[in-house]
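K.L.:
When you get a sec, could you give me coordinates for this:
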Amino acid sequence: MTDTVSAQPYDYDWVVIGSGFGGSVSALRLAEKGYSVGVIESGRRYEDEDFAKSTWQLRRYYWMPKIGLRGIFRMTPFKDVFIVSGSGVGGGSLGYANTLYRARPAFFEHPQWAGLVEDWERELTEHYDTAERMLGVTTYEGRGPADELLHEFAEELGVGDTWTNTRVGVFFGPEGEEVDDPYFGGEGPRRTGCVRCGQCMVGCRYGAKNTLRKNYLWFAEKLGVRIESERTVVDIRPLGGPDGADGYELVTERSGAWFRKQRRVVRARGVVIAAGPLGTNKLLRDCKQSGSLPRISDRLGHLVRTNSESILAVTAPDDERDFTKTVAITSSIYPDPDTHIEVVTYGGGGDSMSILFTLLTGKGTRLTRPVLWLGQVLRHPLRFLRGLWPFGWSRRTVILLVMQSLDNALRLVPKRRWFGLSKRVRLQTEQDPERPNPTFIPVANQAAEWFAERLGGVAQSGITEAILNIPSTAHILGGAVIGADPETGVIDAQHRVFGYRNMLVCDGSAVPANPGVNPSLTITAMAERAMAHIPPKEGAKVRELPPMVRAAGARVAP
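P.N.:
Modelled structure (predicted):
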């Protein structure tokens, strides 16, 4: 442990809240150091064969537990952004597009954390290396129809040299053939070679996708880590002294339960909060507002990032080009140094996602954007009506994911108590007044219009962006970011929560700036670095792992 604690009847040395990229890393590395570890995950546990065959299987795909849907895809609307995120044992890795890039150079130099270490890029290099090894990162090979179009678009912009195949976490062994573990000297699970069905984001039913169940969590459970699924932490209270030096009591409930919440209490010497940016910000805000954790910095909820994203789509008029015989994301370009565009597919099983898109609209405001959209509908009624027919949509559609490394932000702030009866808060967004998050990215629309012209198809905006001027993001970050002190951040450079002992935040909430690329690899590397600062448990035997699994650069924090 990082501090001395008194003798309490603890259930675990450490409890990790969440099992995504930050939580899975934390669970494995703490267990490796000899600690007893419990993981509490709000979503359900999925085996490969349990994933939905298509997004029409609502109970298996969408996460809305209040109405009985317990899948892997969560949608959360706010006033200023529409957020999609993951759920389940393995977190976002279950349904993400398995794309694993290192952050852009500007990320490491951002003023929010500049000066806290000598060189963040160099500091994180060995942990990126570990993360890439654990997640089985490789470069996708091949070009499909969407890749050819993206390359042609880049050439027209004069940036053809930026086109590249993506770095992905997928096993490209013999197609459809199950083999012994190819990553960890035979110590990991058996794997099946990718069949290139394109349904990575629906959930890989073949065992080819390198989800966290195949690496970090696999070895964590081998070391005795216990994962409790479908449980949500609703409160964290220090035991003994107010700073948590004597440990913590965590209150959990059955996820999504209206009644029979089956409330339980878990005690641990330390807590790692890794519930994803929405879950972590909500939990910490609840605890701060209720008085359970009053020392949490007032900067909680500030510097929330969306990766400055826009998500668009282009649907071809027929099945002449099949965009699905691939993995979810296969190539990307940089139309300018701050903007990254990737081509994405849902495979043949994502037709219900068509309800999230409508006719492309241009720049506007919350008042004018609906008028612009209505004008598009009136000018192109047949296009609009065709867009309402979902069947075959995902097979004929290229999704364009546009990300930027620009310095813009939102805030997550408490709105009001539910009906005045609960101590829990509702979070709402507000624009950062000095650097508001964009609601329109010109080059994103340019790309969609170009693709539509080449395909003779229909360009589409996200429906909330087109009608409500609310952009979408698949990569919400921040809100409990690294800072020099409680006046600038919520956690320090070792991810320790200011004001508390043995409490860390190790997920996307800690990320201080827009990385400008898919952030999963960066979250993993940052969590690896945070865990490297936790010393081995005193008197415990450090657990031996296969060489390819061991942590890099383990050291004791001063």
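K.L.:
all helices for the stretch 151-300 of the chain, in order.
P.N.:
With DSSP state H, counting those that start in this stretch as the criterion, the stretch 151-300 of the chain has helices at 216-222, 276-290.
K.L.:
Could you dump these into a markdown table and include mean neighbour count, mean pLDDT and distance to V265?
P.N.:
Where you see a C-beta, it was placed from the backbone N, CA and C, and this is true even at glycine. As requested, the helices of the stretch 151-300 of the chain are exported to a markdown table (neighbours: other CB atoms under 10 Å; pLDDT from 0 to 100; distance: least, CB to CB, whole Å):
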| stretch | mean neighbour count | mean pLDDT | distance to V265 |
| --- | --- | --- | --- |
| helix 216-222 | 22 | 98 | 23 |
| helix 276-290 | 22 | 97 | 15 |
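K.L.:
Columns distance to P438 on top of these, output as TSV?
P.N.:
Below are the helices of the stretch 151-300 of the chain laid out as TSV (distance: least, CB to CB, whole Å):
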stretch	distance to P438
helix 216-222	34
helix 276-290	19
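K.L.:
Out of the ones you listed, flag the one nearest F172.
P.N.:
helix 216-222 (19.5 Å; CB to CB).
K.L.:
Kindly export that closest one (C-alpha atoms) in PDB.
P.N.:
Listed next in PDB are the C-alpha coordinates belonging to helix 216-222 (Å, rounded to 0.1, in the frame of the first residue of the first chain):
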ATOM      1  CA  TYR A 216      -5.400  -8.000 -18.600                       C
ATOM      2  CA  LEU A 217      -8.500  -9.500 -17.000                       C
ATOM      3  CA  TRP A 218      -7.600 -13.100 -18.000                       C
ATOM      4  CA  PHE A 219      -4.400 -12.900 -16.000                       C
ATOM      5  CA  ALA A 220      -5.900 -10.800 -13.200                       C
ATOM      6  CA  GLU A 221      -8.500 -13.600 -12.500                       C
ATOM      7  CA  LYS A 222      -5.700 -16.200 -12.700                       C
END
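K.L.:
how about low-confidence regions in the stretch 301-450 of the chain?
P.N.:
Across the stretch 301-450 of the chain, the ranges flagged by pLDDT under 70 are 416-423.
K.L.:
go with 90
P.N.:
For the stretch 301-450 of the chain, the stretches flagged by pLDDT under 90 are 318-322, 386-387, 415-425.
K.L.:
What segments of it are strands?
P.N.:
Applying DSSP state E, counting those that start in this stretch to the stretch 301-450 of the chain gives strands spanning 302-305, 310-315, 329-336, 339-344, 357-359, 397-404, 410-417, 425-431.
K.L.:
same question, the stretch 151-300 of the chain
P.N.:
Using DSSP E, counting those that start in this stretch, the strands of the stretch 151-300 of the chain run over residues 164-165, 167-168, 178-179, 191-192, 226-228, 231-238, 248-254, 264-273.
K.L.:
Could you give the bridge partners of the residue nearest to V425 when sequence neighbours are not counted?
P.N.:
Leaving aside its chain neighbours, V425 sits nearest to P414 (4.1 Å; criterion: CB to CB, 6 or more residues apart in numbering). Taking DSSP bridges, one obtains L427 as the residues bridged to P414.
K.L.:
Test my guess that P414 contacts D286.
P.N.:
No: P414 lies out of contact with D286 (CB atoms under 8 Å); the separation is 9.2 Å.
K.L.:
hey, what's in contact with both of those two?
P.N.:
V425 (CB atoms under 8 Å, 6 or more residues apart in numbering).
K.L.:
what does stretch 182-194 rub up against?
P.N.:
By CB under 8 Å, 6+ apart, the surrounding residues in contact with stretch 182-194 are 136, 170-181, 206-210, 214-215, 218-219, 327, 546-549.
K.L.:
Can you tell me which of these are buried?
P.N.:
The neighbour-count test (16 or more other CB atoms under 10 Å) marks 136, 170-172, 181, 206-210, 214-215, 218-219, 327, 549 as buried among these.
K.L.:
Contact partners for E175?
P.N.:
G193, C194, V195, R196.
K.L.:
Compute the distance between it and L100, please.
P.N.:
Distance from E175 to L100, counting by CB to CB, to the nearest Å: 21 Å.
K.L.:
And for R45?
P.N.:
23 Å.
K.L.:
of the two, who's got more company?
P.N.:
Between R45 and L100, L100 has the larger neighbour count (other CB atoms under 10 Å), namely 26 against 15.
K.L.:
can you pull the contacts of the more buried one?
P.N.:
Contacts for L100 (CB under 8 Å, 6+ apart) come out as A131, E132, L135, V137, R167, V168, G169, N518, S520, L521.
K.L.:
pretty sure the last one contacts L135?
P.N.:
Meaning L521. Yes: taking contacts as CB under 8 Å, L521 lies within contact range of L135: 7.1 Å.
K.L.:
just to revisit the earlier point, can you tell me which of the helices of the stretch 151-300 of the chain is nearest to F108?
P.N.:
With CB to CB as the criterion, F108 lies closest to helix 276-290 of the helices of the stretch 151-300 of the chain, at 19.9 Å.
K.L.:
Strands of the stretch 1-150 of the chain, residue ranges please.
P.N.:
Taking DSSP E, counting those that start in this stretch to define them, one finds strands in the stretch 1-150 of the chain at 12-17, 37-40, 63-64, 69-70, 73-77, 82-86, 138-139.
K.L.:
between these, which gets nearest to A268?
P.N.:
Distance to A268, taken as CB to CB, is lowest for strand 12-17 among those, at 4.0 Å.
K.L.:
Each with direction, which strands does that closest one pair with?
P.N.:
Sheet pairing of strand 12-17 (DSSP bridges) gives strand 37-40 (parallel), strand 264-273 (parallel).
K.L.:
now those in JSON lines, with mean pLDDT, distance to D80 and mean neighbour count?
P.N.:
Shown next, in JSON lines, are these (pLDDT from 0 to 100; distance: least, CB to CB, whole Å; neighbours: other CB atoms under 10 Å):
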{"stretch": "strand 37-40", "mean pLDDT": "98", "distance to D80": "30", "mean neighbour count": "24"}
{"stretch": "strand 264-273", "mean pLDDT": "98", "distance to D80": "24", "mean neighbour count": "23"}
